[in-house]
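Q: Dropping the sequence and predicted coords here.
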Number of protein chains: 2
Amino acid sequence: KVKEGRKLGQEDPRRVVHSLKVGLALTLVSTLFYFYPIYINFGFDAIWAVMTVVLVFEFSVGATLGKGLNRGMATLLAGGLGIGAHYLANLSGHTGEPILLVFLVFLQATISTFLRFFPKIKARYDYGMLIFIMTFSMITVSGFREDQILELAHKRLSTVSIGAAACVIVSIVVFPVWAGEDLHNLIVLNIEKLGNSLEGFGDEYFKRTWGEESKDDKKFLEGYESVLNSENSEESLANFAAWEPGHGRFPFRHPWKLYLKVGTLARECAYRIEALNGCLNADIQASSEVGSIIQEACTNLSIESGKALKELALAIKIMVPPSSADSHIENAKSAAKKIKSLLKSGIWEDIDLLKVIPGVTVASILIDVVTCTEKISESIYELASNAQFKSVEPTLSPKKLHSGQNQSIKSAQLVNCPDVGINVRELTLPSPPSENSSAPKASKQRMEV
Amino acid sequence: KVKEGRKLGQEDPRRVVHSLKVGLALTLVSTLFYFYPIYINFGFDAIWAVMTVVLVFEFSVGATLGKGLNRGMATLLAGGLGIGAHYLANLSGHTGEPILLVFLVFLQATISTFLRFFPKIKARYDYGMLIFIMTFSMITVSGFREDQILELAHKRLSTVSIGAAACVIVSIVVFPVWAGEDLHNLIVLNIEKLGNSLEGFGDEYFKRTWGEESKDDKKFLEGYESVLNSENSEESLANFAAWEPGHGRFPFRHPWKLYLKVGTLARECAYRIEALNGCLNADIQASSEVGSIIQEACTNLSIESGKALKELALAIKIMVPPSSADSHIENAKSAAKKIKSLLKSGIWEDIDLLKVIPGVTVASILIDVVTCTEKISESIYELASNAQFKSVEPTLSPKKLHSGQNQSIKSAQLVNCPDVGINVRELTLPSPPSENSSAPKASKQRMEV
């Protein structure tokens, strides 16, 4: 257990920080409860503030803000309606009052619970609906016995506000975790992983064709796997991000929905890479005769589309239009054309078709991958124009212009592309996944940018 | 909005029932609050019962039981520890007491919040941890001012228990929704969908090869899509099901984990079908020369593995070992063998390779699908032996033996298989997806069984 805990903490140190932040917020609210006259005003109701902190404080600022606003709004609305219901019931006499109140509780609970099934409401207002049902029921029911119903509503709202405010303040001030930034980084990381898997694939596949067993760590080839399952986290991050104010490089109405679109296309590409990986581990491998014919073009294609994806990831990361990937995509497309013409040519006639299939399957999936890469690039262009990626550059402070961020831009646009272009055109034998290009280095800078 | 609501209700009428159940449970608890002496004992604390109902009542019995048990246990544990902390602080004098208490609140909140990141705890005890933090903080903090801390703890536990009991009773007694049964049905439905998509695929693909545009509704071909994304619902249903007592045909320790295994293999198969669907909608289709060579074997393979999957789904549904699928799997395997030998033969030499590729790709994915189907069958055999599917039959009541359930068994084992077997062996031209077999009819019975 302790080992597992240490691992969890090392994987993402923000988990430890988050735990301390919850402790801090709770301590703040408890201290208020002890030492300040608040206690005298709110009495035992101050525990609502404690409750609010525990229930509202979430990992990211967006989730906390969303829950806090949901809770505040729902409490306000339910309080108002509860008071209304109370007065309405008062008019209907001693016998009618309890019956009417119970009926109202039943009615609103049923309707509100049903509303929670609406997908749009579930995504953003689920917690609010819950609090609405709870507050309305409590005020309506308790109102029957106590006459200070207005005071109760006022107290509940005040204590909830104090608790929610403590959460939001601690969440934003102490090492804030922004859901929007997380979404941005997740998309970048996912596309980068696809790029790495793809870049290494061609080389690895034909090594196996020639019967070589490479001893290097092949972990990077499986990087795509986490992309297959990231749909849910992407969607919830986008939902949370919508609650967040502007932060860092992201203005208030940053087009988070477009990140989801890029993510979906990336997942489609990941499915293709999954299929390629299936070929890599299949029982029947391409024969060496076939290998020698398609190896060059396939390796080119996989390296070029891998590089394109990595450039696309870099473009999102440093928030520039993804033009640096265009040349790689062009190269990948011409490699795809070459594969198609090779397949058309007559050189296959002497080869047993069953031996041809594995290689041809790989080739046709690779051609598909190029299409996917193009689609991803288009969606990133759309994101770039919607989020006005270009206008970000001039607003950089002079200091930043001379630091890492600008170097990445330079290396991506000036140094990297021509280099790699030449590299690839000279390529006649599979080379190790381009350790001389700056893209892998840039990927290590991810956390700093 | 009203239209959307009606659609939601029609899609799953249990949503409407659930909403009414929440209203009912809340009404019950509110009524207690009004009319019974409980109010005199618990005073304002009775609102905890209302709160518990709102927060604990979930869609399925398992989720409700899980949350209720979590809440009860956490309240008990936190109450005990809170009282302990209170007495410990009492010993440390007037200056030390508040500091120690606040420190304890901070410590437990930090540790408990961190524990919530452990995947196993998150899956089953997340709500309990939340309630633990809340109750402990509230008791510790409120204890400073009130001396009747034991009474407070006692009241809170009693009211929470009343609320939780109301939820559990209403949830189980009034049209219960069992997560376990839902998981069972979801897996059955998913495999059935795969079967339908696959069964229709071969026919559809070669129709397009011959340039025919079929006008029928092709919705069933896309049934597999929902399978791709069902991992999360399967996992949460399995988690909820673990809380449930025995119900209907499922005993208490039914091997729900094995359903997840079947589900994962089904998803792998769905990825293959996604790839097949990609071929169906690709720009380049198999040429008619190629089609004429592989059509028969491929159509056979897709129909047979489709039928196998549907038999497998039926076997899970009526809880018998999936032996009725064996013959279909054998047929599919021999079709796969035939495809392989066709690909090996020399009849391809005169055909342009580029025209061969689309057909060959489809063929090799189909061969893959057979492997997937076999794996699914194996996992269902494992499920059948672990869940003792065979022993279910004799325990059926005589009345049930003469009703629909037994008929399904009969139709599956006696009528359906031989029929279909002959059907397929006679098959020389693609036939419409076997509307004469009893499997589709059986699938319509799903909600009744």
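A: That came in fine, so what should we check first? Just so you know, these numbers come straight off a predicted model, no measurement behind them. Residues are numbered from 1 along each chain as shown, chains lettered A, B, ... in the order given.
Q: ok, how many other residues are close to the nearest residue to A:Lys257 once chain neighbours are set aside?
A: In space, and not counting its chain neighbours, A:Lys257 is closest to A:Ala238: 6.6 Å by C-beta to C-beta, 6 or more residues apart in numbering or on different chains. Where you see a C-beta, it was placed from the backbone N, CA and C, and this is true even at glycine. Residues near A:Ala238, counting by other C-beta atoms under 10 Å in any protein chain shown, number 20.
Q: Pull out the buried positions in the helix or strand encompassing A:Ala238.
A: Element membership of A:Ala238, judged by DSSP states H and E, is helix A:231-241. Using 16 or more other C-beta atoms under 10 Å in any protein chain shown as the test for burial, helix A:231-241 gives A:231, A:234, A:236-241.
Q: Okay, now the unreliable bits of the stretch 201-350 of chain A?
A: A:211-220, A:283-284, A:286, A:345-350 (pLDDT under 70).
Q: who are the neighbours in contact with the residue nearest to A:His247 when sequence neighbours are not counted?
A: Nearest non-adjacent residue to A:His247, counting by C-beta to C-beta, 6+ apart: A:Trp178, 5.0 Å away. The contact partners of A:Trp178, by C-beta atoms under 8 Å, 6 or more residues apart in numbering or on different chains, come to A:60-62, A:241, A:244, A:247-248, A:250.
Q: can you check A:Phe201 too?
A: Here A:Phe201 is in contact with A:221, A:273, A:276-277, A:280, A:302, A:306 (criterion: C-beta under 8 Å, 6+ apart).
Q: Going by neighbour count, which residues in the host helix or strand of it are buried?
A: Counting by DSSP H and E, the element that carries A:Phe201 is helix A:179-209. Within helix A:179-209, the residues that count as buried by 16+ other C-beta under 10 Å are A:179-206, A:208-209.
Q: Against which helices or strands is the helix or strand that comes right after it packed?
A: For helix A:179-209, the following helix or strand on the C-terminal side (DSSP H and E) is helix A:225-228. Other elements packing on helix A:225-228 under the criterion 3 or more C-beta pairs under 8 Å, 6 or more residues apart in numbering or on different chains; DSSP states H and E are helix A:179-209, helix A:256-280.
Q: Show me which residues of stretch A:108-122 are buried.
A: A:108-110, A:112-118.
Q: now the end-to-end length of stretch A:224-235.
A: Chord length of stretch A:224-235, first to last residue, is 18 Å (C-alpha to C-alpha, to the nearest Å).
Q: any idea how far it is from the chain center?
A: 8 Å (C-alpha atoms, centre = their mean, to the nearest Å).
Q: Return the distance of the residue nearest to A:His247 relative to chain B.
A: Between A:Trp178 and chain B the computed distance is 19 Å (C-beta to the nearest C-beta, to the nearest Å).
Q: same question, A:Lys155
A: Applying C-beta to the nearest C-beta to A:Lys155 and chain B gives a distance of 12 Å.
Q: Secondary structure element for that residue, which one?
A: Going by DSSP H and E, A:Lys155 is in helix A:149-173.
Q: Output the contacting helices and strands for that helix.
A: Counting by 3+ C-beta pairs under 8 Å, 6+ apart, helix A:149-173 packs on helix A:14-35, helix A:38-42, helix A:47-56, helix A:61-91, helix A:119-143.
Q: contacting residues for A:Ile339?
A: A:294, A:297-298, A:301, A:363, A:366-367.
Q: Quick one: work out the angle between the host helix or strand of it and helix A:179-209.
A: A:Ile339 is part of helix A:326-344 when elements are defined by DSSP H and E. Angle between the axes of helix A:326-344 and helix A:179-209 is 30 degrees (criterion: axes from the mean of the first three to the mean of the last three C-alpha atoms, to 10 degrees).
Q: buried residues in helix A:326-344?
A: Result for helix A:326-344 [16+ other C-beta under 10 Å]: buried residues A:326-329, A:331-333, A:335-336, A:338-340, A:342-343.
Q: Mind giving me the packing neighbours of the longest helix belonging to chain A?
A: Of all the segments of type helix in chain A, defined by DSSP state H, the longest one is helix A:353-386. Judged by 3+ C-beta pairs under 8 Å, 6+ apart, the packing partners of helix A:353-386 are helix A:179-209, helix A:256-280, helix A:288-318, helix A:326-344, helix B:326-344, helix B:353-386.
Q: Now do the buried residues in that helix.
A: A:353-377, A:379-381, A:383-384.
Q: do the same with stretch A:97-104
A: Here stretch A:97-104 shows A:97-98, A:100-102, A:104 as buried, counting by 16+ other C-beta under 10 Å.
Q: Could you confirm whether that stretch reaches chain B?
A: Yes. Residues of stretch A:97-104 contacting chain B under C-beta under 8 Å from any C-beta of the partner chain: A:98, A:101-102.
Q: correct me, but A:Gly66 touches A:Phe240?
A: Yes. Counting by C-beta atoms under 8 Å, A:Phe240 is a contact partner of A:Gly66 at 6.1 Å.
Q: okay, and the common contacts of those two?
A: With C-beta under 8 Å, 6+ apart, A:Gly66 and A:Phe240 have no common neighbours.
Q: now stretch A:49-63: how far from the chain's centre is it?
A: On C-alpha atoms, centre = their mean, the centre of stretch A:49-63 falls 21 Å from the chain's centre.
Q: Identify each buried residue in it, please.
A: A:49-63.
Q: Max pairwise distance over the residues you listed: which two?
A: A:Val50 and A:Gly62 (23.1 Å; C-beta to C-beta).
Q: tell me the domain ranges of chain A?
A: Domain segmentation of chain A under automatic domain parsing yields A:2-173, A:179-447.
Q: hang on, the earlier thing: looking at the buried residues of helix A:231-241, spot the one nearest chain B.
A: Of all the buried residues of helix A:231-241, chain B sits closest to A:Glu231, with 7.1 Å by C-beta to the nearest C-beta.
Q: what's the neighbour count on A:Gly84?
A: Neighbours around A:Gly84, by other C-beta under 10 Å: 12.
Q: and if you look at the one 4 residues further on?
A: In terms of burial, A:Leu88 registers 13 neighbours under the definition other C-beta under 10 Å.
Q: list the contacts for it?
A: Applying C-beta under 8 Å, 6+ apart, the residues near A:Leu88 are A:100, A:104.
Q: I'd like the distance between it and chain B.
A: 16 Å.
Q: Check that residue and give its pLDDT.
A: According to the prediction, A:Leu88 has pLDDT 83.
Q: any chance of the contacts of A:Trp178 in JSON lines, plus distance to A:Ala89?
A: As requested, those are exported to JSON lines (distance: C-beta to C-beta, whole Å):
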{"residue": "A:Ser60", "distance to A:Ala89": "42"}
{"residue": "A:Val61", "distance to A:Ala89": "41"}
{"residue": "A:Gly62", "distance to A:Ala89": "39"}
{"residue": "A:Ala241", "distance to A:Ala89": "42"}
{"residue": "A:Glu244", "distance to A:Ala89": "41"}
{"residue": "A:His247", "distance to A:Ala89": "46"}
{"residue": "A:Gly248", "distance to A:Ala89": "51"}
{"residue": "A:Phe250", "distance to A:Ala89": "48"}
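Q: Which one of those residues is nearest to chain B?
A: The closest of the contacts of A:Trp178, once distances to chain B are taken by C-beta to the nearest C-beta, is A:Ser60, at 13.9 Å.
Q: who touches the nearest residue to the closest one once chain neighbours are set aside in this structure?
A: Distances taken as C-beta to C-beta, 6+ apart place A:Ala179 nearest to A:Ser60, at 3.9 Å, with adjacent residues excluded. If you count contacts by C-beta under 8 Å, 6+ apart, A:Ala179 has them with A:60-63, A:237, A:240-241, A:243-244.
Q: let's see 6 Å
A: Contacts for A:Ala179 (C-beta atoms under 6 Å, 6 or more residues apart in numbering or on different chains) come out as A:60, A:62, A:237, A:240-241.
Q: near chain B, which residues of the stretch 151-300 of chain A?
A: For the stretch 151-300 of chain A, the residues in contact with chain B (C-beta under 6 Å from any C-beta of the partner chain) are A:Asn232.
Q: Let's see that with 10 Å instead.
A: Proximity of the stretch 151-300 of chain A to chain B, by C-beta under 10 Å from any C-beta of the partner chain, involves residues A:152, A:228-229, A:231-232, A:267-268, A:271-272, A:274-275, A:278-279, A:282-284.
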